[in-house]
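Engineer: Curious how this folds, go ahead:
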Amino acid sequence: MRAAGAINAATFERLAEAIKPGVTTAELDDIAARFIRQNNAICSFWHYNGYPGHICTSVNGQVVHGIPSKKVELREGDIVSVDIGVFYRGYHSDSAKTFPVGKISTEAETLIRVTEESFYEGLKMARMGNRLQDIGAAIQNHVEQNGFSVVRSLVGHGVGSELHEDPEVPNFGTAGRGARLLPGMTLAIEPMVNQGTYHVNTLADQWTVVTADGKLSAHYEHTILVRDGEAEILTRC
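Structural biologist: Numbering: from 1, shown residues only. Down below sits the predicted model:
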């Protein structure tokens, strides 16, 4: 899983160089797919339950599962959330980041920053002996203290030999509740944070999830290992 995570992180480094105005999300998909194949790995999302892309590219008010397209060209001021899964030698890694496209608004910058910060607030709680909802409560508190909302209908998850495993890892909750965290658990913690309401809708393609009010959304995710003490991030270089 560490090897899968290293490929995942390196893929993001390649994409960060490519994300700029005028690039299509299909081009980002091609770059990621080629790089992952070159590293003798497989894109976890490719044909997963029929998904038609190698990665997910969600622009502006799209929360998650945006399908890469030659028709979707990134523009100055956009934000794009990229979600990547890598399957290597029997194990998956899963990670997501939201990128600015050129110069973005102060509000969008703040949304991206708070979303990333909320992940790390949750990560502090991901240690042996704590409860599952300790993670979600920490994420929710940070998000709401900064005036944003955390999506409730989509959650993080266990990850390992399968892309999605138990337990579900909500980004909200009440501290002290949920399953006890044990060393060796590998979880994908992934706050999805909206500028407005936390309610979302799914488009007619049955994949793309969008904010119900059309406002911006950001996504940040890492695969982590629960230990006795500080958790290890497996999808960071």
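Engineer: after the helix or strand containing Gln133, next one along is what?
Structural biologist: For Gln133, the host element (DSSP states H and E) is helix 132-145. Per DSSP H and E, the first helix or strand lying C-terminal to helix 132-145 is strand 149-150.
Engineer: Identify the residues contacting the longest helix that the chain contains?
Structural biologist: If you go by DSSP state H, the chain has its longest helix at helix 106-125. Helix 106-125 is touched from outside by 77, 79, 97-98, 100, 134-139, 141-143, 146, 148, 150, 171, 189-193, 195, 216-222, 224, 231, 233, with contacts defined as Cβ atoms under 8 Å, 6 or more residues apart in numbering. C-betas here are computed from N, CA, C, even on glycine.
Engineer: from those residues, which would you call buried?
Structural biologist: Using 16 or more other Cβ atoms under 10 Å as the burial test, those include 79, 97-98, 100, 134-139, 141-143, 148, 150, 171, 189-193, 195, 216-222, 224, 231, 233 as buried.
Engineer: Glu230 and Arg127 touch, don't they?
Structural biologist: Yes - when contacts are counted by Cβ atoms under 8 Å, Glu230 is listed as touching Arg127 (6.7 Å).
Engineer: Among the two, which residue is more densely surrounded?
Structural biologist: The neighbour count for Glu230 versus Arg127, taken as other Cβ atoms under 10 Å, is higher for Arg127 (17 against 11).
Engineer: Contact partners for Ile189?
Structural biologist: 119, 122-123, 126, 135, 139, 156, 169, 171, 221-222, 224.
Engineer: on that earlier part again, residues making contact with the helix holding Gln133?
Structural biologist: Applying Cβ under 8 Å, 6+ apart, the external contacts of helix 132-145 come out as 114-115, 117-119, 121-126, 149-150, 167, 169-181, 189, 191, 193.
Engineer: Which PyMOL command selects the buried ones in those?
Structural biologist: To isolate the buried ones among the contacts of helix 132-145 in PyMOL, judged by 16+ other Cβ under 10 Å, type:
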select buried, resi 114+115+117+118+119+121+122+123+125+126+149+150+169+170+171+172+173+175+178+181+189+191+193
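Engineer: that older thread, got the contacts of Ile189 as TSV, with distance to Glu17 and pLDDT columns?
Structural biologist: Listed next are these as TSV, based on distance: Cβ to Cβ, whole Å; pLDDT from 0 to 100:
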residue	distance to Glu17	pLDDT
Phe119	23	98
Gly122	29	98
Leu123	26	98
Ala126	30	98
Ile135	32	98
Ile139	29	98
Gly156	28	98
Val169	31	98
Asn171	29	98
Glu221	20	98
His222	20	98
Ile224	26	98
